[in-house]
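[1] I would like the atomic coordinates for the input below:
(one chain, ligands or ions: 1)
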Amino acid sequence: MLNIVLFGPPGSGKGTQAAKLVEKYSLIHLSTGDIFRANIKGETELGTLAKSYMDKGQLVPDEVTIGMLQSEADKYEAPKGFIFDGFPRTMDQAVALDQYLSGRATSISMMLSLEVDEEELKKRLLLRGKDSGRADDQNPEVIQNRIDVYHRDTAPAKAYYSAQNKYCGINGVGAIEDIFNLLCTEIDRFAAAV
Ligand code: B4P
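    Next comes the predicted model:
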């Protein structure tokens, strides 16, 4: 299986690139942000809980997020692979993901990390906030909090994958198609080596 962690700060292009990658490589796309937003729309109990964190730019607690991710992944018995988009976002999530995949006799192939400077992130998120109506993209303070949480709680997961020789940083600034080509080059290089 080809299992990719698509990583990066909020607004770095994870969702944008994941949509293109799943189509090219026929992978299953698991975006924790999308699953939370679907639950908010459906007014489920999980949605109400998630909204109370997301609206403030905080992470949804690990015990909720990890369980939800695993039950989504369980729906697919024999996929070609997964793209984990927005997960893991903490060290505990990274460890839980390894344990989960090992139970399925597979593992993470690589972490592709989109690197984008803070000014560009803020610009993109505020722009999306105007069109999408996403509450977490409309308030500069919430956006700053999401970026701060990324540096504090999420970015350390890079070292976790580096230690396994699975980390790959990608320049996430530029044309969407050019960034997509950089990602594909890394995936194809990995696929050719196994
Ligand atoms: P996510 O849905 O993962 O949202 P995100 O990080 O803001 O978005 P993403 O990075 O995918 O957006 P993209 O750059 O594609 O998370 C939302 C919230 O859910 C989190 O804050 C948290 O509260 C909660 N959550 C999710 N996962 C969790 C977890 N594992 N644990 C705990 N809580 C969790 O797009 C941004 C914009 O940039 C778009 O408008 C796009 O068009 C634009 N863009 C993309 N690429 C561009 C480029 N190259 N140039 C210019 N613009 C570009």
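
[2] ok, which stretches of the chain are strands?
    In the chain, the segments counted as strands under DSSP state E are 4-7, 28-31, 82-85, 110-115, 167-171.

[3] closest one to Ser52 among those strands?
    Ser52 lies closest to strand 28-31 among these, at 19.7 Å (CB to CB). Where you see a C-beta, it was placed from the backbone N, CA and C, and this is true even at glycine.

[4] what's the spacing between the residue of the chain found nearest the ligand and Ala159?
    Closest to the ligand within the chain is Gly33: 1.8 Å, counting by CB to the nearest ligand atom. Using CB to CB, to the nearest Å, one obtains 23 Å as the distance from Gly33 to Ala159.

[5] who has more neighbours out of these two?
    Neighbours were tallied for Gly33 and for Ala159 using other CB atoms under 10 Å; the higher tally belongs to Gly33 (19 against 12).

[6] which residue comes closest to that one once chain neighbours are left out?
    In space, not counting the residues next to it along the chain, Gly33 is nearest to Gly86; the distance is 4.7 Å by CB to CB, 6 or more residues apart in numbering.

[7] list the contacts of the one you found.
    Under the criterion of CB atoms under 8 Å, 6 or more residues apart in numbering, the neighbours of Gly86 are Leu6, Lys14, Gly15, Ser31, Thr32, Gly33.

[8] for Asp188, see how far away the fourth one is.
    Meaning Ser31. Taken as CB to CB, the spacing of Ser31 relative to Asp188 amounts to 23 Å.

[9] those two: who's more crowded?
    A side-by-side neighbour count of Ser31 and Asp188, using other CB under 10 Å, places Ser31 first with 21 against 11.

[10] the more buried one and Asp85 touch, don't they?
    Yes - here Ser31 lies in contact with Asp85, judged by CB atoms under 8 Å, at a distance of 4.1 Å.

[11] hey, what's in contact with both of these two?
    Lys14, Gly15, Ala18.

[12] ok, now which ones touch the second one?
    Shown here is Gly15, whose contacts under the criterion CB under 8 Å, 6+ apart are Ser31, Gly33, Asp34, Asp85, Gly86.

[13] interface residues of the protein facing the ligand?
    10-16, 32-33, 36, 53-54, 57, 59-60, 65, 86-87, 89, 93, 124, 128, 136, 146, 176, 179 (CB under 6 Å from any ligand atom).

[14] pull out the buried members of those residues.
    Restricting the residues of the chain next to the ligand to buried positions leaves 10-16, 32-33, 36, 53-54, 57, 59-60, 65, 86-87, 89, 93, 124, 128, 136, 146, 179, with burial counted as 16 or more other CB atoms under 10 Å.

[15] those residues in helices, which ones?
    Judged by DSSP state H, the subset of these located in helices is 14-16, 32-33, 36, 53-54, 65, 93, 124, 128, 146, 179.

[16] name the residue closest to the centre of this protein, please.
    Nearest to the mean C-alpha position of the chain, counting by CA atoms, centre = their mean, stands Gly86 at 1.8 Å.

[17] gap between that one and Asp188?
    With the distance defined as CB to CB, Gly86 ends up 24 Å from Asp188.
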